Structures are given as structure tokens and as C-alpha cells.
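*Asks:* Need coordinates for the following:
(2 chains)
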Amino acid sequence: MAIIAPFQGTQVCNFHSKRVILSENLIGYLDDQGNIIDTQSAGEGCSAAPIEYDNSEEALEIIRHSTAHLMAQAIKELYPDAQFFVGPVVDEGFYYDFRVSEKIGEEDLKKIEKKMKELIKKKYKIEKYEISKAEALEKFANDDLKQAVLKNIPDEKVSIYRQGDFEDLCRGPHVPALRFLNNFKLTRVAGAYLGGDENAEMLTRIYGVAFATKEALKAYMTMLEEAKKRDHRKIGTEMELFMFNEESGAGLPFWMPQGAKLRHKLEQILHKAHLTRGYEPVRGPEILKADMWRTSGHYACYGENMYLTEIDGQEYGIKPMNCIGHIQIFKQTQKSYRDLPLRYYEYGVVHRHEKSGVLHGLLRVREFTQDDAHIFCTPEQIASEVLDVVGFVDAVMKLFGFEYTMEIATKPEKAIGEDAVWEMATAGLKEALEGNNLPYSIDEGGGAFYGPKIDIKITDAIGRKWQCGTIQVDFNLPERFEVEYVAEDNSRKRPVMIHRAILGSFERFIGILTEHYAGEFPFFLAPTQVIFVPISDAHADYAFALKKKLRMEGIDSEVYDKNDSLNKRIRTAEKKRVPYVVIVGDEEVANNTVAIRNRRTREQYNLTQDEFMVELTKQLTEGTI
RNA sequence: GCCAGCAUAGCUCAAUCGGCAGAGCAGCCGCCUUGUAAGCGGCAGGUUGUGGGUUCAAGUCCCACUGCUGGCUCCA
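*Replies:* This next block holds a predicted model:
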């Protein structure tokens, strides 16, 4: 997308002299602070850089905001009792929250779109006027939603935008007239709590997208369709990776043989990587006495998400996190400063009672396995340990070619621990990211009450961001469980705990991996890595011998010797998203070779068995970090 | 949990106004013995998510539950 060139002093005159010429496509200005000023607010002789009608970020922001208003106007005409709350611009589009007595479903969106198009034909200008806040409170006296909006506005003056007989309290910016709104689509209807408060009333929200050109809108819709094709739920069913079962319960995934093979390979890669980095494997029980969860604070803070049960009259809780187990193991034997940092890791199965409405394929489930580790260290060791973890994260993300973002969440208002330790920990997190030349953003006050953290977020096929890895510094649990080590001066000291996960969970990560690769996993991950197609029954033995040979190297293969035509079996093999399809017939059997088919080019080449094995084992080692 | 929808064979979908549940793919059996993306023939597959109700008659209408989808809230 074109970004408007930064404002240059010498261009002022040019802009001014061209303004009449530009005005056909002029929809606003960008000042040198990066603020967008619409034409209604700019007045005569505006010296800021003009924003023309196109697909630039700034232009789209104006267009989308106005499209939201146009939608509101259409809704108001179709549902006269509708009352409007807020209608902001979001990624790719906009939404508007409103209250209406009638039920609005997906099929009503077309009707609203049609009304929007009718309104455009009326060629309304969008006009702005200002009134005092007191006047606004008076004007919207009968509209409690507008009263709620006004309550959040600190300014003494508020602006109203009007198009035809529709007007709305709004800060802008808006396009000068409805004629600029042509390429939009209403995408979905949803419910949204007033002000995001779960206890508040639920309003109706309609989402839409808007662009400056027909092509951009079409490209976006095509992108959505493509993303749908690689939805991990669809591919997971097609490839028989995983399943859910209504009778067994929501959010409880089953791993079918193909999925279990894939997952096992991922586990093995990570297992080796942990050992290389000096982690020790441990394993805690799945269920612990509720008193443990009271001590940890989970019972009080996280209790409603926990599954609790009773055994012989005692209350137990199924673990939602693995920390407690690791702490018990640490405490089992006396530790010296020489033992630190001590890194325990576990593929920990956890259960969390997620609300039914949030479950989403493998990306949000009620039982999942974390690649969890807890590093016990001194406060001085935080920086170097975090540096190491961040390097680990980066290696994993690079292996799969993931784009990811990191966010440091700092001390919240309600927090425990001394400021000096918080500062040291937060500085440690920042140093680690800067030391790895990794960009990050700061979530001020977003840390846990027990320490600051770094969250790692990956983007899925349709641009949704999912938190995967997390690195959390914790001063709280060591205190609560009285964890100690013997220091150099023979005194007892309290270690710091770093909680960290890199994938986050195998479930979520595999879900995202599936969409990322559209099911075409790299060789070292693919559940079936090679499919052999013997030309006739006579060549099946040769194929099975090869399969056995690959098995010895830890490579999964299948032989397609079904009672089908050769072409059919090749077609079936090609559709399996397998890295190698290998055909064997008289020629290959006679020469001890294989005929490899390149799936994309449909070209083929021959290798000797030895060359083939070298090629495959080489590709296996690419999955090393 | 809340708002709006959806649920027919393993998968993708059809069934007019409430009037005999159907197709393709996958599966199984047989013929064919194949040189690079669907050879031919046959068989089987269903209490239409579950439970109730209205009706002479329900896949279709109504209610509840379960599960799923898109959001809200939350989160690995």
C-alpha cells in the first residue's frame, strides 16, 4: 500500500496551487504529527499533506470510518428503533455496535448492503458541526448509548457528522461525500458486550470491510477464501490428523495415527533441542490435592477454570499448569547455588475449563500439552537465562519460517515483590530481546502480579494473532512454596522462577503449523514422508523392502499396492500432501533405483537406493535446532 | 457463559409447499497387471446430532439439550 510521502516544506505551495486540481480525489490531510484531518475540519488554506482517495493506510482509515457511518444510516432506515454505540475502524474494515429490537442475522446483511448502495445514490455530502458537550448531552437525552459514549469524552466540544437526515456523534475523520464509498462488504454479525464488560448488556455488532478499489476488495475476499482452504480444521479432517467427538465432550482433541506421528516428530525435535540447551526432563502428576492449589494461589485466582474432584473425602484439582510439580521436584533434594540455573522441562498435559463459546479447533481446547519449562535461578541470572530462551524461541520460529511478534508486559498496579527486583527482571527481559536484535513492543502494566513477562504471538493464515510462547519471571511461587537454595555464604536464599513455553501448546502450534504449510509439512515433520507406488503386483515386494529400510532410519512411508489402476494410485498419492511420491517398476527393481516424482512440476528423476537414502536422511536432519 | 447462525452416510452436498431419504468421493468384493493425476462392474453404508411436542403424515414446524461456526469476554 502506498504511504503518503512525508510533508516537505517546499511542497506547500505546490499542494496549494494544485489543490483545485486535486480536489476531485482529496479526502483529507495528514499533518506532520501523523494525525488525519478530514476536509470538513481542515478549512481553507490547510498546509498539511493531502490524502487522496486510494488504498493508502490513511485513506482507508477515512473510508472505513465513513463506511461504518453509512452502514449505521442504512440500519437506521431499516430498523428505525436502532440506537448506536461506537463504530470504529479495525484491521481491514470496521464495525458498529448498536441496539435493535429485531433479531439481525447473516441474511439481513445483504438487505443492509443494498440500502447502503441506495443511500450512496442520493449523493449526500458528509457535513460536520460542533456543539458543546452540554448541548450534546441535551440533544441525546433520550439515547442512553450516546450518553455512555459522551461520558467517555473529556473534551468540552464534540463534533457531529451529518449525511442526509442521519447524524451521529463522531470525532471523524470522514470522506467529504458518500460517493467515495463504493467497495465494501458486510462480513458478519456478532454480539458484543457494551463497553466490553461481560456483565453489561449485549449489543449487536456488524463487521464489514472496505477498500478504495474494487480490485483491493476482491483481492481481500480471495485471500479469505484461500485462508479457508487451509483452515486446520478442514485439513485436519482431510488428512486424518485429529478429531473431536461430540459424545466425548467439547474441546477434547483426539490424535489419529497421522496426527500422532506428526506430533511425535515435533516432540522429538524439541526434546533434543531441550537436552542440547541443558534442560532436564521431569514429570509431575496430573492431579494434586486442592491444598497445593490453595498455596499456589491458583485456587483463589484461577479456581473457576479448574476441574476439581474428590478422592476419599479430600478435594483434588486437575492441574491447569505444571509449575507446582516442578517445584516439588526441586524441593525434594537440597540445592546449592552451584546447581543454578536449574532447568526442568515437561510436556505437561493440562486441563482448563474454557468457556464453551471460545473453543476453536486445536487453537483453543480444554485439554492440551504445553512444552513447559521452569528455570530456577538467581535474580542476577535472569537476563542471561532469558537471553537463552529468546534465542531458543527464535531458532524454533526460524525452523518453521514463522513471523512472530514479542511483547514485554511490565509491572501492573497490583503486584508483589520489591521494585528493585521488578526493575532487574524487566531490564533482563529487555536486554535479552535487544541482545538478539529482536523488535518488541511494551504492554505497560500488562504483566502478571508475580512478575513481568514476554509473550510471543504468531499470526495464522487469515491474520489472526495467537499467543504461543511465553516467558514469565516469577517471584511469587518460590515465596509461597518456600523454595530455597544454599548460597555461597552458606545462607538460605530464594531462587527466582522463570516459566517458559516456546510452542505454547502442541495443539495450538500444530494447528497454526497446519495452516502455515497448508498441510504440506516439511519432510522432517510430515506424518507420511514417502509413498511408494509399485507399477504392478510384481513390484510390491521391492516397495515393501524399501519401506522397511526407511523404517530403520525413522522415516514413515506407505506402499500403495491397492487394486486400482496405476494412474489412480499416483493421483491418490499426489493428493496426500506427502513430500515424496516414488514409483517402482521393472526398471527400478532391475537397477536398484527409485523413480521420484516431483509433485509440483510433475517431472521425474531417478536415484539409486543409496542416493535416495542420503537425500532423505539429509532432509531429516534439517529438523534440528 | 452471552449474541447470531448451523447440524442429512466416513467426507462434500441434494431432497419443491410438511408427502417413498438421494448423489459423488472414500470404503469393501471381483475383473483388469498397469510406466506417471480418476480403467470397468458390483456390494455395503442412515432411528436425518439427542430427547420431547404439533400433525393423518416431520429431514422439513415448535421446545429443550449436545456439538459446531462467527464474534464478545478470556487465553497456551
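
*Asks:* what does the stretch 51-200 of chain A put close to RNA strand B?
*Replies:* A:K103, A:I104, A:G105, A:E106, A:R188, A:V189, A:A190, A:G191, A:A192, A:Y193, A:G196, A:E198 (CB under 7 Å from any atom of the strand). All C-beta atoms are positioned from the backbone trio N, CA, C, and that covers glycine.

*Asks:* Which parts of the stretch 101-250 of chain A are helices?
*Replies:* A:107-121, A:133-139, A:144-151, A:214-229, A:232-238 (DSSP state H, counting those that start in this stretch).

*Asks:* What's the mean pLDDT across the first one?
*Replies:* Looking back up the chat, that one is helix A:107-121. Per-residue pLDDT over helix A:107-121 has a mean of 92.

*Asks:* and for it, what are the contacting residues?
*Replies:* A:70-71, A:73-75, A:77-78, A:163-164, A:178-179, A:181-182, A:184-189, A:206 (CB atoms under 8 Å, 6 or more residues apart in numbering).

*Asks:* Put the buried members of the residues you listed into a ChimeraX selection.
*Replies:* This is the ChimeraX syntax for the buried subset of the contacts of helix A:107-121, where burial follows 16 or more other CB atoms under 10 Å:
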select /A:70,71,73,74,75,77,78,163,178,181,182,184,185,186,187,189,206
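
*Asks:* Give me the neighbour count for the residue in the stretch 1-150 of chain A that RNA strand B sits nearest to.
*Replies:* The stretch 1-150 of chain A approaches RNA strand B most closely through A:G105 (3.6 Å), counting by CB to the nearest atom of the strand. Neighbour count for A:G105, taken as other CB atoms under 10 Å: 8.

*Asks:* Would you map the strands across the stretch 351-500 of chain A?
*Replies:* A:367-377, A:404-409, A:441-443, A:453-459, A:465-474, A:485-486, A:492-493, A:496-501 (DSSP state E, counting those that start in this stretch).

*Asks:* would you list the ones you listed in CSV and tack on mean pLDDT, distance to A:S41 and mean neighbour count?
*Replies:* Below are the strands of the stretch 351-500 of chain A laid out as CSV (pLDDT from 0 to 100; distance: least, CB to CB, whole Å; neighbours: other CB atoms under 10 Å):
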stretch, mean pLDDT, distance to A:S41, mean neighbour count
strand A:367-377, 97, 50, 23
strand A:404-409, 91, 34, 19
strand A:441-443, 89, 30, 13
strand A:453-459, 89, 35, 22
strand A:465-474, 89, 33, 21
strand A:485-486, 98, 63, 18
strand A:492-493, 96, 61, 13
strand A:496-501, 95, 48, 26
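
*Asks:* export these to TSV and tack on distance to RNA strand B?
*Replies:* Below are the strands of the stretch 351-500 of chain A laid out as TSV (distance: least, CB to the nearest atom of the strand, whole Å):
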stretch	distance to RNA strand B
strand A:367-377	4
strand A:404-409	10
strand A:441-443	12
strand A:453-459	7
strand A:465-474	3
strand A:485-486	27
strand A:492-493	28
strand A:496-501	6
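
*Asks:* Report how many residues lie close to A:R569.
*Replies:* So A:R569, with other CB under 10 Å, has 22 neighbours.

*Asks:* What parts of the stretch 251-400 of chain A come near RNA strand B?
*Replies:* A:251, A:352, A:354-361, A:363-366, A:368, A:370.

*Asks:* Mind giving me the PyMOL select for those residues, buried ones only?
*Replies:* A single PyMOL command selects the buried members of these (16+ other CB under 10 Å):
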select buried, chain A and resi 251+352+354+360+361+363+364+365+366+368+370
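
*Asks:* that older thread, what subset of the residues of the stretch 51-200 of chain A next to RNA strand B is buried?
*Replies:* By 16+ other CB under 10 Å, those give A:I104, A:V189, A:A192 as buried.
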